[in-house]
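Novice: build me a model from this:
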Amino acid sequence: TQYSFKEVFGTLVAQKELFDVVAKPLVEDLIHGKNGLLFTYGVTGSGKTHTMTGSPGDGGLLPRCLDMIFNSIGPFQAKRFVFKLDEKNGVDVQCEVDALLERQKRDAMPVPKTPSGKRQIDPEFADMINVQDHCKVEEVDEENVYSVFVSYIEIYNNYIYDLLEESPFDTIKPKWNNCNTPVRNGDFIPPQSKILREGQNHKMYVAGCTEVEVKSTEEAFEVFWRGQKKRRIANTQLNRESSRSHSVFIIKLAQAPLDADGDNVLQEKEHITLSQLSLVDLAGSERTYRTKAEGNRLREAGNINQSLMTLRTCIEVLRENQLYGTNKMVPYRDSKLTHLFKNYFDGEGKVRMIVCVNPKAEDYEESLQVMRFAEMTQEVEVARPVDKPLCGLTPGQRFRNQAFREELSRKLEMRGGPLHRETEEQSVSETILQSFPPLPSCELLDINDDQTLPKLIEALEKRQILKQMLSEKFAKNVLSFKTMLQELESSIVSKENYIQGKLSDKEKIIAGQKMELERLEKKTKTLEYKIEILEKTATIYEEDKRNLQQELESKSQKLQRQASDKRRLEARLQGMVVETTMKWEKECERRVAAKQLEMQNKLWVKDEKLKQLKAIVTEPKAEKPERPSRERDREKPLQRSVSPSPVSNAPPVRLRHRRSRSTGERWVDHKPPSNVPTETVMQPQVPHAITVAAASEKALAKCDKYMLTHQELASDGEIETKLIQGDVFKTRGGGQAVQFTEIETLKQESPTGRKRRSSPDPSPPEDPADSEWTDVETRCSVAVEMRAGSTLGPGYQHHAQPK
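Specialist: Modelled structure (predicted):
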């Protein structure tokens, strides 16, 4: 995987080279009144704190930034307490008296401050700030005075803490017992978190944060080192001194111009400029399964990863808004880290990020994520801040006043006290007097001397005339000089107006060209990004096209194989269909013939039943039945049976009723109107019964038993009668209920009925003895005396011969 960055530094790069490329432009912008943000980003243990702080003998970015600032503004620093920061992220200029009072109050403190020139440097960090480069900004406004303020905060578990806040005990690192809980101490005061506010200039700041005015690199770094000792670090599996919080070291530079005399600072608010440089050492992203974190360490790691994820989300939303013209809300408030630096991403300053990468194989996946995010951040364009004009007076005013004071003091020492203005007037008068004619001797030696006074008068008159001439000449010269000055001024004004008009036109043209250039650059970047996306998309589509072509070829070959298999299968199936069709046609013809024969046999059997029944009732003599066709039966009337007449002494057949099983009880005989009378010899009869067509409560109240007659058609076409019997009970409500107990079935069958063989083949001729018919008496006695459940049929079966 390849990643592109503006600059890549190797493992052996010096701190000075890194500072010259990355941090030096931010320091120059700071002195010129612009804001800057520099932060280090990377996996835990990748060297972020080392890059920011440095090591003994080789200071990092932070001490080098401080050294460059004080090398540049050293001669132009204001006295302490001239600039005073207010509580709303602004700055005020105090008068000299107030500043002097505060300086005296500071000097009267119990621990007197050592002057910066005689300050004893802490040997713990002396090597870090011993920078021999003496780097400085070339173009510094010498008409301004400067003051530097520093503050140091940390963001721990999404809370902001002031590392410079004075406390009687170490509030950041309390003592812990063996149970991993803080020791109860009455003197222990837990640290108070700070809140973020928005100042009058719409910039975010930490309210109530300690801001220290410093006058040298040593003093500033000593303040930083004092806060660094309070910063939260812990020992994890990946780093022995892992930062558990994001640290922010803020350098504020206040500057204001001097007055016309070059002695005092202008106190107008609009003339004061406050710029800020934030140096951020981010805590490293880490995976908990690698650090083996538990308890507080695990919660710290979760908050660190959450804040870094919010930073990444903000950058991605900014990038999406700029690339696609959307207006999504950037979630700055989801984390204190992004909320604090919201103004930088909105165009209030320049932003630089240093990505630290550890070449360890174990950090491979995390390093890929870090570099992917860092490469994506380069596509975000932060608007350039508008250059604020620094209000200064005539260039060189400070040095001219200083030279004037030095010359004045030198002449005062030489002459013993006359003012410089009187000395100038005296030298001018002496020059004019020397141009006058010399005066004659004014001594009167004799009372009668009449030459000395006339000569003196004459000389004075000549001087008076010469003085008038000089005065007139001087007046003329002054008038002509004034005229020349006015003409020169008018010409200068006209030229200035002309030049200003030209400059404004040129500036408009340049501004238009810059806007057009920026628009074209933005359009070019957008088009390049679109081209890159289209190229990637085209590559993906080409790969998909090749895959689809290969898939199409394989599927076409498969389809050809399937088509050939289908043709072979169709031919095979066609043969099978023809063969099966012929087979089933023959089977259907055979079955139709068999069915027709079976139906004819059934019809013949029914005809025979009717004939036999008629012969039994009407004819005494029985004949051997024939098998006439149904057409012949319909065409002519039936012949009387030739069966033998019954015996004379045979008793007549009397209709008998079947007795009910319970005769001593009262019954309800329920016969629906739809019942068909069967007119058979055996008829069900119940004595003492109330016959009804529909069950009624009145009938049920008078009886103990209930019988329902139900008829239905059986499978052989005969009527089947069912007698459903039950007991009648009285209910609690005063009504009647029927509980059914048994069912009797009465079925009517023909005495000549027979069963045919299921085989369609004709039966061979039977024995004549089996086909003989019994006489009428025998058949009647069998029919009358047959009991229910008998295995014998109503008569002998007759197997007819097929026609």
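Novice: where does the prediction get shaky in the stretch 601-750 of the chain?
Specialist: Scanning the stretch 601-750 of the chain for pLDDT under 70 picks out the ranges 619-664, 750.
Novice: show me where it has helices.
Specialist: In the stretch 601-750 of the chain, the segments counted as helices under DSSP state H, counting those that start in this stretch are 630-635, 697-702.
Novice: the last one packs against which elements?
Specialist: Meaning helix 697-702. Secondary-structure packing of helix 697-702 (3 or more Cβ pairs under 8 Å, 6 or more residues apart in numbering; DSSP states H and E): strand 689-692, strand 736-747. Every C-beta, even on glycine, is put in place using the N, C-alpha and C of the backbone.
Novice: which one of these lies closest to residue 522?
Specialist: Judged by Cβ to Cβ, the one of those that comes nearest to residue 522 is strand 736-747, at 96.2 Å.
Novice: show me which positions of the closest one end up buried.
Specialist: In terms of neighbour count (16 or more other Cβ atoms under 10 Å), strand 736-747 has its buried residues at 736, 738, 746.
Novice: which of those lies closest to residue 530?
Specialist: Nearest to residue 530 among the buried residues of strand 736-747, with distances taken as Cβ to Cβ, is residue 738, at 91.1 Å.
Novice: surely that closest one meets residue 730?
Specialist: No: Residue 738 lies out of contact with residue 730 (Cβ atoms under 8 Å); the separation is 11.3 Å.
Novice: centre-most residue in this protein?
Specialist: residue 313 (8.7 Å; Cα atoms, centre = their mean).
Novice: quick one: mean pLDDT over the helix or strand it falls within.
Specialist: Element membership of residue 313 [criterion: DSSP states H and E] is helix 296-324. Averaging pLDDT along helix 296-324 yields 85.
Novice: just the buried residues of the helix or strand that that helix is followed by, please?
Specialist: Sequence order places helix 336-340 as the next helix or strand after helix 296-324, per DSSP H and E. Across helix 336-340, burial judged by 16+ other Cβ under 10 Å covers 336-340.
Novice: now pLDDT and distance to residue 230 too, for those, in TSV please.
Specialist: As requested, those are exported to TSV (pLDDT from 0 to 100; distance: Cβ to Cβ, whole Å):
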residue	pLDDT	distance to residue 230
336	93	18
337	91	19
338	93	24
339	93	23
340	93	19
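Novice: between the residues you listed, which is nearest residue 87?
Specialist: Taking Cβ to Cβ as the measure, residue 87 lies nearest residue 340 of the buried residues of helix 336-340, at 17.3 Å.
Novice: for the closest residue to the closest one other than its chain neighbours, list the residues it contacts.
Specialist: Nearest residue to residue 340, sequence neighbours excluded (Cβ to Cβ, 6 or more residues apart in numbering): residue 204, at 5.5 Å. The contact partners of residue 204, taken as Cβ atoms under 8 Å, 6 or more residues apart in numbering, are 196-198, 339-343.
Novice: so how far is residue 194 from residue 204?
Specialist: 12 Å (Cβ to Cβ, to the nearest Å).
Novice: over to residue 16?
Specialist: On the measure of Cβ to Cβ, residue 16 and residue 194 end up 35 Å apart.
Novice: quick one: the helices in the stretch 1-150 of the chain?
Specialist: Under the criterion DSSP H, counting those that start in this stretch, helices of the stretch 1-150 of the chain are mapped to 15-18, 24-31, 48-53, 61-73, 96-107.
Novice: buried set for the shortest one?
Specialist: Of the residues in helix 15-18, those with enough neighbours to count as buried (16+ other Cβ under 10 Å) are 15-16, 18.
Novice: distance from it to the middle of the chain?
Specialist: Computed by Cα atoms, centre = their mean, to the nearest Å, the separation of helix 15-18 from the middle of its chain amounts to 39 Å.
Novice: other SSEs contacting it?
Specialist: Contacts defined by 3+ Cβ pairs under 8 Å, 6+ apart place helix 15-18 against helix 61-73.
Novice: quick check: can you list the domain ranges of the protein?
Specialist: The chain is divided into the following domains under the TED database: 15-108+119-169+189-378, 452-582, 691-744.
Novice: and those, which is most packed in?
Specialist: Highest mean neighbour count among these (mean count of other Cβ atoms under 10 Å): domain 15-108+119-169+189-378, with a mean of 18.
Novice: stretch 138-148 - what's its average pLDDT?
Specialist: Mean per-residue pLDDT for stretch 138-148: 88.
Novice: ends of it, what's the gap?
Specialist: One end of stretch 138-148 sits 19 Å from the other (Cα to Cα, to the nearest Å).
Novice: what of stretch 31-42?
Specialist: Across stretch 31-42, first to last residue, Cα to Cα, it's 29 Å.
Novice: can you list the low-confidence ranges for the stretch 301-450 of the chain?
Specialist: By pLDDT under 70, the low-scoring segments of the stretch 301-450 of the chain are 384-400, 415-437, 439-442, 444.
Novice: how about the helices in it?
Specialist: 336-340, 342-343, 364-377, 397-415, 420-435.
Novice: what are the ranges of the strands in the stretch 101-250 of the chain?
Specialist: Using DSSP state E, counting those that start in this stretch, the strands assigned to the stretch 101-250 of the chain run over residues 144-156, 159-162, 196-198, 204-206, 212-214, 233-234, 242-243, 246-257.
Novice: closest to residue 106 out of these?
Specialist: Closest of these to residue 106 is strand 212-214, at 9.9 Å (criterion: Cβ to Cβ).
Novice: and the closest one, what does it pack against?
Specialist: Where contact means 3+ Cβ pairs under 8 Å, 6+ apart, strand 212-214 is packed against strand 144-156, helix 217-228.
Novice: dump those into JSON lines; add distance to residue 709 as well.
Specialist: Formatted as JSON lines, the helices and strands packed on strand 212-214 follow (distance: least, Cβ to Cβ, whole Å):
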{"stretch": "strand 144-156", "distance to residue 709": "100"}
{"stretch": "helix 217-228", "distance to residue 709": "113"}
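Novice: closest one to residue 526 among those?
Specialist: With Cβ to Cβ as the criterion, residue 526 lies closest to strand 144-156 of these, at 35.0 Å.
Novice: how far does the closest one sit from its chain's centre?
Specialist: Centroid separation between strand 144-156 and its chain, computed with Cα atoms, centre = their mean, is 36 Å.
Novice: quick one, that strand and helix 217-228 angle?
Specialist: Between strand 144-156 and helix 217-228, the angle comes out at 20 degrees (axes from the mean of the first three to the mean of the last three Cα atoms, to 10 degrees).
Novice: between strand 144-156 and strand 246-257, how many degrees?
Specialist: Orientation check (the same axes, to 10 degrees): strand 144-156 against strand 246-257 gives 160 degrees.
Novice: now strand 144-156 against helix 397-415, angle please.
Specialist: Going by the same axes, to 10 degrees, strand 144-156 makes 130 degrees with helix 397-415.
Novice: the inter-axis angle of strand 144-156 versus helix 24-31?
Specialist: Going by the same axes, to 10 degrees, strand 144-156 makes 120 degrees with helix 24-31.
Novice: angle of strand 144-156 against helix 61-73?
Specialist: 170 degrees.
Novice: if we can go back for a sec, among the contacts of residue 204, which one lies nearest to residue 55?
Specialist: For the contacts of residue 204, the nearest to residue 55 is residue 341 (27.3 Å; Cβ to Cβ).
Novice: quick one, what contacts the nearest residue to that closest one once chain neighbours are set aside?
Specialist: Leaving out its chain neighbours, the residue that sits closest to residue 341 by Cβ to Cβ, 6+ apart is residue 37, at 5.9 Å. Counting by Cβ under 8 Å, 6+ apart, residue 37 makes contact with 277-278, 280, 341, 344, 349-352.
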